[in-house]
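J.: Mind looking at a prediction? Sequence and model below.
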Amino acid sequence: MEALELFLQFKEQSIQGRYLTLEAILPILEKHNADNQLKHVGNSVQQKPIYTYQIGSGKTKIFLWSQMHGNESTTTKALLDFINFLNSDIELATMLLEDFTFLAIPILNPDGAALYTRENANKVDLNRDSQDLTQPESTTLRGVFEVFQPDYCFNLHDQRTIFGVAATGKPATVSFLAPSYNEAREINVTRLKAIRVIENINTILQNYIPGQVGRFDDSFNINCIGDTFQYLGVPTILFEAGHFPDDYQREETRKFIFISLLASFTTLSENDVVDNEINQYLNIPQNKVVFYDFICKNIKINYDGNEIMTNFAVQYKEELIDGKVNFIGYIAAIDNLESYFGHYVYDAKGALYSDDLDNFPKINQIADFSLDGTAVFVNGMIKV
């Protein structure tokens, strides 16, 4: 069965959108807990439980974790879709369970997930705590790693809408990285194994999202968990779930993460990682900060008594309000936007800008404005 069909068949319908907490996913994991696959392995700062889910009996051990950053839920959704698939009677699922033992931590940072923050409850970025291990979530992750002794690690994240695929004008819908293990960014046997998996994923994804796969920056930082595990000799692959056009809830991106997971393990199962060249990995264009959520071009403003033409950009900030993630548009840049793209672009064609403040767009101002008094924008989105 084709990968997209498998996703549609096993997509977990009970979870949608950007806000995803431990309470929402626990019933899904418990549904698949007939053989005590679910284990409580630690607690967060606020004493929320951290769980692992283990399935399969194969000799190759795969360790996956998501929501290390609490507001990065796309890969958690896809991971649960993949767990649904593994618990099916599909022949491919049976084969993967014979080849691999999967151990997943679907939400490493349950406090951050509940608060919808990148950091944990102590306002610590867990992905900068892999050496000092100051936080209970960090020590839990490291403890599971040391006991399980995986053959491959999958570090699952989201990235912001600002990232594009180099300067192509296409969003980086999914990006990957085989993290460096030293300052020189050398490629040893360990890193090469991760690179070859990524090459195969990219080949498959180009059939679905051509030109929308990026390569994340490989600057070495031993405080990051992927760099640490690569340094310790375990091939580690970073997933970054990014933006697909008009998909701020990341439901489209979710399916490409599922397909990427499936491609990873199909590749490893078939041992289809030997003949690929490193250049295929290096030729994946790098992520670049080239996008704003909304660009308004060619507006007219009154500046010191003179009418001038300018442009401005709006970036959404995700704010949790009454248990729902709201996208609030703030003006982020004015005038020189020649090297940037917008996920949505509006050409005002010389229309006069006005707002309820000073009739002048200002950085960090909420994007409520009108053009010639007719085209009305609220929160950076056109209403009339």
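T.: Sure thing, it's come through.

J.: Which strands or helices does the helix or strand hosting residue 144 pack on?
T.: According to DSSP states H and E, residue 144 maps onto helix 136-148. Judged by 3 or more C-beta pairs under 8 Å, 6 or more residues apart in numbering; DSSP states H and E, helix 136-148 is in contact with strand 38-43, strand 49-55, strand 60-66, strand 100-105. Placement of C-beta: from N, CA and C, glycine included.

J.: Tell me which of the ones you listed lies nearest to residue 314.
T.: For those, proximity to residue 314 was assessed by C-beta to C-beta; strand 60-66 is nearest, at 29.1 Å.

J.: can you give me the strands for the stretch 151-300 of the chain?
T.: Using DSSP state E, counting those that start in this stretch, the strands found in the stretch 151-300 of the chain span residues 152-158, 163-165, 174-177, 213-215, 236-241, 287-289, 291-303.

J.: Could you save those strands as CSV and add columns showing mean neighbour count and mean pLDDT?
T.: Output for the strands of the stretch 151-300 of the chain, formatted as CSV (neighbours: other C-beta atoms under 10 Å; pLDDT from 0 to 100):
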stretch, mean neighbour count, mean pLDDT
strand 152-158, 24, 98
strand 163-165, 23, 98
strand 174-177, 26, 98
strand 213-215, 25, 98
strand 236-241, 26, 98
strand 287-289, 16, 97
strand 291-303, 20, 94
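
J.: that older thread, out of the helices and strands packed on helix 136-148, which gets nearest to residue 178?
T.: Of all those, strand 60-66 sits nearest to residue 178, with 15.7 Å by C-beta to C-beta.

J.: Got the confidence number for residue 1?
T.: Residue 1 is assigned 67 on the pLDDT scale.

J.: Let me fix that, I meant to ask about residue 123.
T.: On pLDDT, residue 123 comes in at 98.

J.: ok, back up a step: make JSON lines out of the helices and strands packed on helix 136-148 and add mean neighbour count, mean pLDDT and distance to residue 31.
T.: Below are the helices and strands packed on helix 136-148 laid out as JSON lines (neighbours: other C-beta atoms under 10 Å; pLDDT from 0 to 100; distance: least, C-beta to C-beta, whole Å):
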{"stretch": "strand 38-43", "mean neighbour count": "15", "mean pLDDT": "98", "distance to residue 31": "10"}
{"stretch": "strand 49-55", "mean neighbour count": "20", "mean pLDDT": "98", "distance to residue 31": "11"}
{"stretch": "strand 60-66", "mean neighbour count": "24", "mean pLDDT": "98", "distance to residue 31": "18"}
{"stretch": "strand 100-105", "mean neighbour count": "23", "mean pLDDT": "98", "distance to residue 31": "15"}
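
J.: wait, which of the ones you listed is closest to residue 134?
T.: So among the helices and strands packed on helix 136-148, strand 38-43 is nearest, using C-beta to C-beta, at 14.4 Å.

J.: where's that closest one relative to the chain centroid, distance-wise?
T.: Distance of strand 38-43 from the chain centroid (C-alpha atoms, centre = their mean, to the nearest Å) equals 24 Å.

J.: so what does that strand touch, helix or strand wise?
T.: Here strand 38-43 touches strand 49-55, helix 136-148, going by 3+ C-beta pairs under 8 Å, 6+ apart.

J.: Turn the ones you listed into JSON lines, columns for distance to residue 76.
T.: Shown next, in JSON lines, are these (distance: least, C-beta to C-beta, whole Å):
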{"stretch": "strand 49-55", "distance to residue 76": "12"}
{"stretch": "helix 136-148", "distance to residue 76": "15"}
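
J.: what about these, which gets the closest to residue 10?
T.: strand 49-55 (13.8 Å).

J.: now the helices for the chain?
T.: Ranges of helices within the chain are 3-10, 22-31, 74-86, 91-99, 110-115, 136-148, 189-205, 225-231, 251-269, 278-282, based on DSSP state H.

J.: deepest of those helices, which one?
T.: Comparing the helices of the chain by mean neighbour count (mean count of other C-beta atoms under 10 Å), helix 74-86 comes out on top with a mean of 26.

J.: Just checking the distance from that helix to the centre of its chain.
T.: 14 Å.

J.: Let me know the average pLDDT across that helix.
T.: Helix 74-86 shows an average pLDDT of 98 in the prediction.

J.: Select, out of the helices of the chain, the one closest to residue 378.
T.: helix 251-269 (23.9 Å).

J.: quick one: low-confidence ranges for the chain?
T.: 1, 272-277, 384 (pLDDT under 70).

J.: tell me the contacts of the nearest residue to residue 70 once chain neighbours are set aside?
T.: The shortest distance from residue 70 to any non-neighbouring residue, by C-beta to C-beta, 6 or more residues apart in numbering, is to residue 112 (2.2 Å). By C-beta atoms under 8 Å, 6 or more residues apart in numbering, the residues touching residue 112 are 67, 69, 70, 71, 118, 119, 120, 121.

J.: could you redo the last one with a cut-off of 10 Å?
T.: 44-46, 67-72, 118-121, 123-126, 137 (C-beta atoms under 10 Å, 6 or more residues apart in numbering).

J.: Out of these, which end up buried?
T.: Neighbour-count burial (16 or more other C-beta atoms under 10 Å) is assigned, among the contacts of residue 112, to 44-45, 67-72, 118-121, 124-126, 137.

J.: Closest one of these to residue 320?
T.: Nearest to residue 320 among the buried ones among the contacts of residue 112, with distances taken as C-beta to C-beta, is residue 71, at 8.4 Å.

J.: Assess the claim that that closest one and residue 159 are in contact.
T.: No: counting by C-beta atoms under 10 Å, residue 71 does not reach residue 159; the two are 11.6 Å apart.

J.: From residue 133, how far off is the residue nearest to residue 255 when sequence neighbours are not counted?
T.: Closest residue in space to residue 255, ignoring its immediate chain neighbours: residue 7 at 4.6 Å, by C-beta to C-beta, 6+ apart. Look at residue 7 and residue 133: by C-beta to C-beta, to the nearest Å, they are 36 Å apart.
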